[in-house]
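In: Let's see this in three dimensions:
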Amino acid sequence: MYTQPTYEVDTVLAARSGDGAAVDELVRDHLPLVYNIAGRALDGHPDVDDVVQETMARVVGGLPGLRDPESFRSWLVAITMSQVRDWQRARTPADSVLDEVRGMADAGADFVGVTVIQLGLSGQRKETAEATRWLDPDDRQVLSLWWLEVAGRLSRAELAAGLGVSEQHAAVRVQRMKRRLEGSRAVVRAVSASPRCGALAEVTIGWDGAPSSLWRKRISKHVRECGTCADQRADLVPVEGLLAGLGLVALPAGLSLGLLVKGKAATAAGLAGTSLATKPIAVAAIGVTVIAGGAAVVQTLPPDQAPRPRAVASSPAPTPARASPTAAVPSSPPPAASPTPTPARTRTRSRYGSVVDVVDNAPPRNRPPAPLPERAAGTLRISGKHGYSRHGGAPHMTHRGDFITISGKGYIGVRWGILYRNRIGHFPPATWTGLKGRLFHVASGGGRRMDDEQAPGVTWMGAPDTGVVRLPKGHQQMWQNEFYYLDGSVTLHNNEGGTDVDLSVAPRTWREVWADLTARPDPAKGIVRYGLTRDTGDDRAPVPQYVTRARPADPHRVPQRSQV
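Out: Got it, this is the predicted structure:
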């Protein structure tokens with residue numbers, strides 16, 4: 001159990017009196033603790049850094065009002081958990097583009113993965129860390145504190161303060177969480193067994209492989225009732241013994257420096273009214289770093305790209321008054337990237353389909369896109385065999401054999417997810433079949449090509465420790481978001497093979513596409529480059545690769561050079 005040293009009380013007293021060096025010392029000494037609590041409670045969400053910074057801002061700003069210096073750590077933990085809960089309450093189903101990035105771009109770049117790598121966990125310690133992914137958000141809050149208590153970093157009183165309950169009530173919540181964690185450990189054993197229990201394979205039909213509390217309950221029920229799976233948990237040792245003495249996960253590079261700078265500014269301002277919500281220099285540093293051990297920090301995207309419901313009427317003539325508030329065009333875009341729509345050409349001698357996508361080089365990162373012609377848009381309808389994204393409800397294809405049929409007239413956004421930390425191998429391309437009418441590839445965006453570096457050696461296609469996904473020869477490099485214009489109907493297929501691929505599909509307006517393309521490069525937000533306009537406004541605009549008007553029995557067998 002953690003015991004507060006006397007010197008810490010003296011430091012709190014000095015910091016409370018306005019000693020800048022003491023404030024810096026408190027921030028430096030307690031930042032790792034706050035980061036570990038928030039990181040594990042939020043499962044490494046990209047907003048963890050913001051939550052940590054806001055927590056430390058409130059701590060620094062509230063020091064003059066702290067009556068009992070000996071209660072500093074309990075007070076600190078309580079503020080941290082309050083910020084975690086505030087963040088979770090502020091989330092809405094539509095406010096989830098950041099979650100999508102974390103889940104799709106790099107499924108391993110979470111706090112569990114970082115913990116395993118940094119602390120060198122193996123065996124049952126690694127299994128325990130992986131089991132925490134199966135807990136629901138409330139249990140993860142309790143776990144984030146209890147993990148540190150067992151590791152000797154927090155006292156039970158500090159844990160209770162973080163939960164905002166009495167020590168007796170805290171004990172009850174810890175026991176409930178531990179039961180679910182033990183169940184999760186058994187689930188990890190069962191689903192990772194090779195060969196897997198045959199009966200379990202039937203239970204998990206329809207499971208996409210992502211840990212969740214719902215599937216934990218279903219799989220746990222089977223494990224309890226199955227002799228084969230129950231035997232696999234026979235040697236599990238108490239989790240307390242596994243976590244005892246474990247260290248803290250190290251801070252991302254740049255976070256400590258940014259907060260110390262902010263702490264000094266707060267001290268100079270009289271320790272009042274400080275807020276880190278404006279994202280100090282630490283964010284820029286964090287956005288492109290790799291946490292010790294090689295786990296990539298997930299980048300964030302602008303809110304312009306939030307998924308839409310499956311049936312959306314595209315505005316035929318977007319105006320500022322009718323535009324989505326999250327799809328705002330930059331206030332002062334470069335002259336070459338004027339948001340004024342370019343009317344689509346009505347006369348052309350080009351034959352549709354004569355231009356097909358080919359391998360191309362990445363444009364200069366800071367070169368704004370050419371004007372995007374505006375084509376007439378109506379309503380798009382979506383059907384097929386697919387699920388829906390947890391992050392906004394967009395139609396979402398996660399398995400081989402999933403397909404989405406789109407019909408109508410308007411713009412379509414397709415968002416790529418290469419989950420290379422789940423599985424990497426052969427990459428069969430996504431294909432388009434049964435085309436009626438015309439389909440154009442009008443733009444590429446999302447702030448990056450999937451082969452852009454987000455950290456040294458790490459792209460959205462792979463990393464040194466996993467390998468890199470290799471596209472078929474002649475396959476055009478995809479961007480995070482690809483945009484198409486459809487006048488007719490077509491079916492998009494997910495043909496994933498050895499590589500885990502997710503595809504989200506959603507109708508878009510012209511203005512949303514343009515806002516995506518013109519988002520200014522900002523590595524701290526994961527925006528590596530401006531988007532690329534491909535549309536010419538007439539039939540010379542390129543057709544995507546792997547498109548056919550036929551309906552082959554095997555949608556994987558569509559030629560790369562489209563014939564439409």
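In: For stretch 131-144, measure first residue to last.
Out: Using Cα to Cα, to the nearest Å, one end of stretch 131-144 lies 13 Å from the other.
In: Also stretch 519-535?
Out: End-to-end distance for stretch 519-535, by Cα to Cα: 18 Å.
In: Quick check: which ranges of the stretch 1-150 of the chain have low pLDDT?
Out: Counting by pLDDT under 70, the stretch 1-150 of the chain has low-confidence residues at 1-7, 91-110, 113-114, 116-121.
In: The stretch 101-250 of the chain: helices as residue ranges?
Out: Read by DSSP state H, counting those that start in this stretch, the stretch 101-250 of the chain holds these helices, from start to end of the chain: 111-118, 123-131, 137-150, 156-163, 167-192, 198-203, 213-225, 227-231, 239-243.
In: Using a markdown table, please lay out the ones you listed together with mean neighbour count and distance to Gly408.
Out: All C-beta atoms are positioned from the backbone trio N, CA, C, and that covers glycine. Putting the helices of the stretch 101-250 of the chain into a markdown table (neighbours: other Cβ atoms under 10 Å; distance: least, Cβ to Cβ, whole Å) gives the following:
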| stretch | mean neighbour count | distance to Gly408 |
| --- | --- | --- |
| helix 111-118 | 22 | 41 |
| helix 123-131 | 20 | 43 |
| helix 137-150 | 22 | 38 |
| helix 156-163 | 22 | 50 |
| helix 167-192 | 18 | 40 |
| helix 198-203 | 13 | 39 |
| helix 213-225 | 16 | 34 |
| helix 227-231 | 14 | 48 |
| helix 239-243 | 16 | 53 |
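In: Select, out of the ones you listed, the one closest to Gly498.
Out: Between Gly498 and those, the tightest spacing by Cβ to Cβ is seen for helix 167-192, at 18.6 Å.
In: Got the domain ranges for the chain?
Out: Using automatic domain parsing, the domain ranges for the chain come out as 1-106+248-296, 120-155+165-246, 361-564.
In: could I get those domains as JSON lines with distance to Arg351?
Out: Putting the domains of the chain into JSON lines (distance: least, Cβ to Cβ, whole Å) gives the following:
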{"stretch": "domain 1-106+248-296", "distance to Arg351": "37"}
{"stretch": "domain 120-155+165-246", "distance to Arg351": "42"}
{"stretch": "domain 361-564", "distance to Arg351": "7"}
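In: Nearest to Ser354, out of those domains?
Out: The minimum distance between Ser354 and these falls on domain 361-564, with 7.5 Å, by Cβ to Cβ.
In: What's the end-to-end length of the closest one?
Out: Across its full length, domain 361-564 reaches 25 Å between end residues, using Cα to Cα.
In: which stretch among the helices of the stretch 101-250 of the chain comes nearest Lys525?
Out: Distances from Lys525 to each of these were compared using Cβ to Cβ; the minimum, 20.2 Å, belongs to helix 111-118.
In: Worst mean pLDDT among the domains of the chain?
Out: Of all these, domain 1-106+248-296 carries the lowest average pLDDT, namely a mean of 67.
In: show me where the stretch 401-550 of the chain has strands.
Out: Residue ranges of the strands in the stretch 401-550 of the chain, as given by DSSP state E, counting those that start in this stretch, are 403-418, 431-449, 453-455, 458-459, 462-463, 467-468, 479-493, 501-508, 532-533.
In: And the fifth one, how far out from the chain middle?
Out: Once both centres are worked out by Cα atoms, centre = their mean, to the nearest Å, strand 462-463 turns out to sit 16 Å from its chain's centre.
In: Report all helices and strands that it contacts.
Out: For strand 462-463, the contact count by 3 or more Cβ pairs under 8 Å, 6 or more residues apart in numbering; DSSP states H and E identifies no helix or strand as a packing neighbour.
In: follow-up on the earlier one: which among the helices of the stretch 101-250 of the chain is found nearest to Ala78?
Out: Distances from Ala78 to each of the helices of the stretch 101-250 of the chain were compared using Cβ to Cβ; the minimum, 4.7 Å, belongs to helix 156-163.
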